[in-house]
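# Fold the stuff below for me.
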Amino acid sequence: MTTTAQDTTVGSASTPTVGRASASKKRRFEPSGFVQWRVLTARTVRTMVRKGELLVAVIAPLIFTIGFYLPLKFVMQFQGIDYAQFLMPIIVLQAMAFTAISSAQRASTEAATGLSTRLKTMPVVIGAPLMARMSSAFIRSTVTLTAALLFGHVIGFRFSAGVGQALMFGAMALAISTVLSFGADAIGTLSKSPEATSQALTLPQLILGMASTGFVPESGFPEWIRPFVRNQPISQFSSAMRDMAEGTVTFAGVFPAIAWIVGLTVVLIPLALWASLRRRD
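Okay, here's the model as predicted:
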């Protein structure tokens, strides 16, 4: 009887110890936020490769280059404009906007399929899924920017100011793409409809692109709309990037574009975080 009691006592005393050791081991092997971000990013990139999204990221700038450059090339030559130099920034910006639309579609797909909700019930670090989507969007932006510059080189686009301002050109393009991707991700997460999201974002992109100095100079627009055309973000981005490519960039010329990027960052990144982290009732 004494032996049995001692055994029981030992067993009951050792059970919590084993449980604590097991719990400690679980905590020790829980993946860090960096590991979770890396795994989720790799998953998204694999999905992009499998679905051909990176191939589309290469083809899209080619379509933009052919579709925008050929119809207006000779018209602009009569006005003494090197249209390859003039047009390249808007081709890059359209490609960046296309990446943002893809980010919205990806976010809405994850929300519609329940993946976003499932991740919220797991021990996933706050913000890791959002940052994984943004990382994959950055990779796609880098691919499409590289393709756009290669196609631009074919039609005659050159960086006249050397490597430094070429890097500034690329940095601004990627910064714009990243900020727009945050906003698009928020819209996609909230809408949960890839088709509706794509349609809703394509129209503003087209309107702002056409009503900008990206395709034609400000003088090509009627007087009544010129203030809007001159000051809207696409025109400011195009003008700053054009100056960077030609080596004529000044602080006064680039400041409006930077101000637009900062303003969009202040609004869109918190919106994306809120949309990603909120829980449905």
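# Output the lowest mean pLDDT helix or strand found in this protein.
Lowest mean confidence among the helices and strands of the chain (mean pLDDT, DSSP states H and E): helix 2-28, at a mean of 46.
# if I look at residue 98, how far off is residue 179?
Remark: distance between residue 98 and residue 179 (CB to CB, to the nearest Å) = 15 Å. Where you see a C-beta, it was placed from the backbone N, CA and C, and this is true even at glycine.
# Apologies, that question was intended for residue 165.
Taking CB to CB, one finds residue 165 at 21 Å from residue 179.
# who has more neighbours, the two?
Using other CB atoms under 10 Å as the criterion, residue 165 and residue 179 rank with residue 179 on top: 23 against 19.
# mind listing what the more buried one touches?
Residue 179 makes contact with 261, 264-265, 268-269 under the criterion CB atoms under 8 Å, 6 or more residues apart in numbering.
# next one: residue 103
For residue 103, the contact set (CB under 8 Å, 6+ apart) comprises 133-134, 137, 181, 184-185, 188.
# and this structure, what are its domains?
1-30, 33-277 (automatic domain parsing).
# Single out the most deeply packed of those.
Among these, ranked by average contacts under mean count of other CB atoms under 10 Å, first place goes to domain 33-277 (a mean of 18).
# Quick one: end-to-end distance for it.
With CA to CA, to the nearest Å as the measure, domain 33-277 spans 15 Å from end to end.
# Now do the helices in the stretch 51-200 of the chain.
Residue ranges of the helices in the stretch 51-200 of the chain, as given by DSSP state H, counting those that start in this stretch, are 53-78, 83-113, 115-120, 128-155, 163-191, 194-210.
# Between the ones you listed, which one is closest to residue 43.
Relative to residue 43, the nearest member of the helices of the stretch 51-200 of the chain by CB to CB is helix 128-155, separated by 7.6 Å.
# list the helices and strands the closest one packs on?
Packing partners of helix 128-155 (3 or more CB pairs under 8 Å, 6 or more residues apart in numbering; DSSP states H and E): helix 33-50, helix 53-78, helix 83-113, helix 163-191, helix 251-277.
# Any chance of those helices in a markdown table with mean pLDDT and distance to residue 127 as columns?
Formatted as a markdown table, the helices and strands packed on helix 128-155 follow (pLDDT from 0 to 100; distance: least, CB to CB, whole Å):
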| stretch | mean pLDDT | distance to residue 127 |
| --- | --- | --- |
| helix 33-50 | 90 | 8 |
| helix 53-78 | 91 | 23 |
| helix 83-113 | 91 | 14 |
| helix 163-191 | 93 | 12 |
| helix 251-277 | 94 | 7 |
